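Participant: Provided below are the primary sequence and the corresponding predicted coordinates.
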Amino acid sequence: GIQAQQSAQHSPVNTTQRWETATERNTIPRRLTSIGTMAGDEFVKLDPAIERWAKMRENTLNHFKWTSRTTFKAAIWGVLVPLGIYEFAVREQKIMAKHAGKPEPSFPSFFS
C-alpha cells in the first residue's frame, strides 16, 4: 500500500501526461511553459522579444500618441476611404437606374 504509493510518486514523469503534483510542476525550467495540445503537452521556450511586443500591443491605448502620421492615417481610413466607397455605390446606383430606364435616384453626392 504505502510503499507502492511512494514508488509511484518517484517514478519518471511521462511528458505526454499532465504533471500530477505541485512538486513535479515546480521542476519545469523557468522559461518553459506547458501548452496542452491534442497530441499531448509540448514545451515551448518563450521569446522575450515576442513577449515584450505582445505586452506593448495589449497596452496600446496607454502608449498611443497623436502624431502627424497617425492623424494622416486616421483621415485616410476614417474619412476618405468610406467617402470613396459611398461615391462608388452612388454612381453604380445611378448607372443601374439609367440602364433599367428608371429615373435617376437622388442621393447626396460630394464629388458630382
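Facilitator: Structure's in. What do you need?
Participant: low pLDDT regions in the protein?
Facilitator: 1-43, 111-112 (pLDDT under 70).
Participant: the helices in it, which residues?
Facilitator: Secondary structure of the chain, counting by DSSP state H: helices at 2-9, 22-25, 48-58, 60-63, 68-75, 81-100.
Participant: winner for burial among those helices?
Facilitator: helix 81-100 (a mean of 12; mean count of other C-beta atoms under 10 Å). Where you see a C-beta, it was placed from the backbone N, CA and C, and this is true even at glycine.
Participant: quick one: that one to helix 68-75, angle?
Facilitator: Orientation check (axes from the mean of the first three to the mean of the last three C-alpha atoms, to 10 degrees): helix 81-100 against helix 68-75 gives 30 degrees.
Participant: TSV for the helices of the chain, including distance to F107?
Facilitator: Below are the helices of the chain laid out as TSV (distance: least, C-beta to C-beta, whole Å):
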stretch	distance to F107
helix 2-9	77
helix 22-25	65
helix 48-58	40
helix 60-63	37
helix 68-75	23
helix 81-100	5
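Participant: please tell me how far S68 sits from A49.
Facilitator: 28 Å (C-beta to C-beta, to the nearest Å).
Participant: just T60 next, same as before
Facilitator: 17 Å.
Participant: kindly report the same for T70.
Facilitator: Distance, T70 to A49, by C-beta to C-beta: 24 Å.
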